[in-house]
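Peer 1: structure for the following, please:
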Amino acid sequence: MLTEHTPVWVWDGYWWPALVVLPTLDSERDKMLVRFTNGVTAPVKTSAVRFRDSANPGELLSSQFAAGVSKERQQVPVGALTARPGRYGM
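Peer 2: Below you'll find the predicted structure:
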């Protein structure tokens, strides 16, 4: 169960590091509220969120989630994360 301040990865083309702000924003729409490391707070789909090991912040996505994540998503290293301009809707 993810609680407030839990470190997580959020998938949006890349794995973005974030912290949980509100674990259940809208349970009917599978949404939660997170704050990304750049300070932006946004609603995201709970299904796009994975637990992040704060002891190893620079590692790839933990192997414990490999079964539930596509191979394409698993291969994106954290160091490849770059901001992209644009509007992001949910």
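
Peer 1: CA only for contacts and neighbour counts going forward, please
Peer 2: Noted.

Peer 1: so where do the helices sit in this protein?
Peer 2: With DSSP state H, the ranges of helices along the chain come out as 71-74.

Peer 1: buried residues in the biggest strand by length in it?
Peer 2: Longest strand of the chain, by residue count under DSSP state E: strand 15-26. Neighbour counts over strand 15-26 (16 or more other CA atoms under 10 Å) mark 15-25 as buried.

Peer 1: over to stretch 40-50?
Peer 2: Buried, per 16+ other CA under 10 Å, within stretch 40-50: 43-46, 49-50.

Peer 1: state the pair within those residues that is farthest apart.
Peer 2: 43 and 50 (14.6 Å; CA to CA).

Peer 1: so where's this structure uncertain?
Peer 2: 54-90 (pLDDT under 70).

Peer 1: which other residues reach stretch 42-50?
Peer 2: Contact partners of stretch 42-50, identified using CA atoms under 8 Å, 6 or more residues apart in numbering, comprise 8-12, 25, 29-36, 65, 90.

Peer 1: how about the nearest residue to residue 29, chain neighbours excluded?
Peer 2: residue 45 (7.8 Å; CA to CA, 6 or more residues apart in numbering).

Peer 1: what's the answer for residue 7, then?
Peer 2: Take residue 7 and drop its neighbours on the chain: the residue closest to it by CA to CA, 6+ apart is residue 19, 4.5 Å away.

Peer 1: ok, that neighbour - contacts?
Peer 2: Going by CA under 8 Å, 6+ apart, residue 19 touches 4-8, 34-37.
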